[in-house]
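Asks: What follows is a protein structure lacking sequence information:
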């Protein structure tokens, strides 16, 4: 609800007399020392979102150590579904935008799933959705996040500064050495994490990946059995949930639509993204899931039915936060970025509404 409110507020402001001030604030520069002088929107997307990716990394490491990713048999179905749910949207977007090299940079935008929004909509249905289906969606979204991290690292890295990158790798080596030496005090990890972020920012690799790298160095357990990783995860969670993600949504969802010609909705960039999220996600996830079940590689989630599985597949087309983030990496031209945001909002909204309706109907039929 908070994310929706932040996104709606951004849309209202961007289409009001406050739009000039809104854009001026986001584009104004804030400097820290002679080496750092970034716009507010870059501080949000490169700085605050590094903390978000740190939290994602901590969740991935915890799930791999003791959660949904620990048992590979439980990962099989959502893992295969996640691959289908990333491949088909990317192919649909590429097909719609084929021949436009600049637009093709956005192929990864509809491959993302917003875990917060997706689980939030599913939570509205309460206990009517089997727990195993909720775990399927959760694990799928986690694997999807891991895929997004790989995509950012491989496809959205700028020109590298080798010496600075070498320094970042040196700091990362020290972090993992601390882990091997069983240092469980979080302070040295966090201090070195700030240094790592700064070096990665200046190296050409996207700065948010420093958050993921730092997370993988945090110890899962200390000598008395408590978990430094869980402590940090629990400490970050409210800040990410109630501050960082709403601020990100407010800064990135402001699309001017008052004078938007209806024909613009059919331009290749927004059309490719909307179709990728709404059609590609459900088609890729549902088809890959049914194929895995039919071949005997995985089983239908306990209590689930094909109809419930299809509704969950539609719901995973809510790309919002991660799609907006990848869109900001893919496009620098304002006209492309505005169209991308429009496609993300349309595709995510359609997936949320239709996914909820299908899941509600499927759950009602199952209960009856």
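Replies: Arrived safely, thanks for sending. Since this is a predicted model, take the numbers as computed values, not measurements. Numbers count the residues shown, from 1 in each chain.
Asks: Can you show me the strands along the stretch 151-300 of the chain?
Replies: Counting by DSSP state E, counting those that start in this stretch, one finds no strands in the stretch 151-300 of the chain.
Asks: So, low pLDDT: which residues of it?
Replies: Within the stretch 151-300 of the chain, the stretches with pLDDT under 70 are 158.
Asks: what's the spacing between residue 344 and residue 258?
Replies: Per CB to CB, to the nearest Å, residue 344 is found 19 Å from residue 258. (C-beta placed from N, C-alpha, C; glycine too.)
Asks: what does residue 290 give?
Replies: 43 Å.
Asks: any idea which residue sits dead centre in this protein?
Replies: residue 322 (3.1 Å; CA atoms, centre = their mean).
Asks: I figured it was touching residue 145, is that so?
Replies: Yes. Residue 322 is within contact range of residue 145, at 7.3 Å (criterion: CB atoms under 8 Å).
Asks: who touches both of these two?
Replies: Here residue 322 and residue 145 have residue 113 as joint contacts, going by CB atoms under 8 Å, 6 or more residues apart in numbering.
Asks: which residues sit in contact with the residue lying closest to residue 22 once chain neighbours are set aside?
Replies: What sits nearest to residue 22 in space, not counting adjacent residues and going by CB to CB, 6 or more residues apart in numbering, is residue 13, at 4.9 Å. Residue 13 makes contact with 19, 22, 254, according to CB under 8 Å, 6+ apart.
Asks: returning to that earlier point: once you drop chain neighbours, what's closest to the residue nearest to the centre of the chain?
Replies: residue 112 (3.5 Å).
Asks: Quick check: pLDDT value at residue 8.
Replies: Here the pLDDT value assigned to residue 8 is 86.
Asks: Quick one: name whatever helix or strand follows the helix or strand where it lies.
Replies: Element membership for residue 8, per DSSP states H and E: helix 2-14. Using DSSP H and E, the helix or strand that follows helix 2-14 in sequence is helix 19-27.
Asks: Three-state assignment for residue 37, please.
Replies: strand (DSSP: H, G, I helix; E, B strand; the rest coil).
Asks: pretty sure it contacts residue 29?
Replies: Yes. When contacts are counted by CB under 8 Å, residue 37 is listed as touching residue 29 (5.6 Å).
Asks: related to what we said a few turns ago, next up, identify which helix or strand the residue nearest to the centre of the chain is on.
Replies: Counting by DSSP H and E, residue 322 is part of helix 320-330.
Asks: What angle do helix 2-14 and the helix or strand following that helix make with each other?
Replies: For helix 320-330, the following helix or strand on the C-terminal side (DSSP H and E) is helix 334-367. Orientation check (axes from the mean of the first three to the mean of the last three CA atoms, to 10 degrees): helix 334-367 against helix 2-14 gives 140 degrees.
Asks: Would you mind pulling up the elements that helix 334-367 packs against?
Replies: Other elements packing on helix 334-367 under the criterion 3 or more CB pairs under 8 Å, 6 or more residues apart in numbering; DSSP states H and E are helix 115-123, helix 268-275, helix 306-315, helix 320-330.
Asks: any chance of these in JSON lines, plus distance to residue 108?
Replies: Shown next, in JSON lines, are the helices and strands packed on helix 334-367 (distance: least, CB to CB, whole Å):
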{"stretch": "helix 115-123", "distance to residue 108": "17"}
{"stretch": "helix 268-275", "distance to residue 108": "10"}
{"stretch": "helix 306-315", "distance to residue 108": "19"}
{"stretch": "helix 320-330", "distance to residue 108": "5"}
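Asks: Select, out of those, the one closest to residue 181.
Replies: Checking the helices and strands packed on helix 334-367 against residue 181 by CB to CB gives helix 115-123 as the closest, at 33.4 Å.
Asks: about what we covered before: between the helices and strands packed on helix 334-367, which gets the lowest average pLDDT?
Replies: Note on the helices and strands packed on helix 334-367: lowest mean pLDDT is at helix 115-123, with a mean of 81.
Asks: and it, what does it pack onto?
Replies: Helices and strands touching helix 115-123, as assessed by 3+ CB pairs under 8 Å, 6+ apart, comprise helix 2-14, helix 131-155, helix 306-315, helix 320-330, helix 334-367.
Asks: Helices along the stretch 101-250 of the chain, start to end?
Replies: Secondary structure of the stretch 101-250 of the chain (DSSP state H, counting those that start in this stretch): helices at 101-104, 115-123, 131-155, 162-180, 186-203, 208-217, 228-239, 245-252.
Asks: Okay, buried residues for the fifth one please.
Replies: Along helix 186-203, the positions that meet the burial threshold by neighbour count (16 or more other CB atoms under 10 Å) are 186, 189, 192-193, 195-203.
Asks: Check stretch 91-105 too.
Replies: 91-93, 96-97, 103-105.
Asks: would you list the helices and strands packed on helix 115-123 in a markdown table and tack on distance to residue 262?
Replies: Below are those laid out as a markdown table (distance: least, CB to CB, whole Å):
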| stretch | distance to residue 262 |
| --- | --- |
| helix 2-14 | 17 |
| helix 131-155 | 31 |
| helix 306-315 | 25 |
| helix 320-330 | 22 |
| helix 334-367 | 12 |
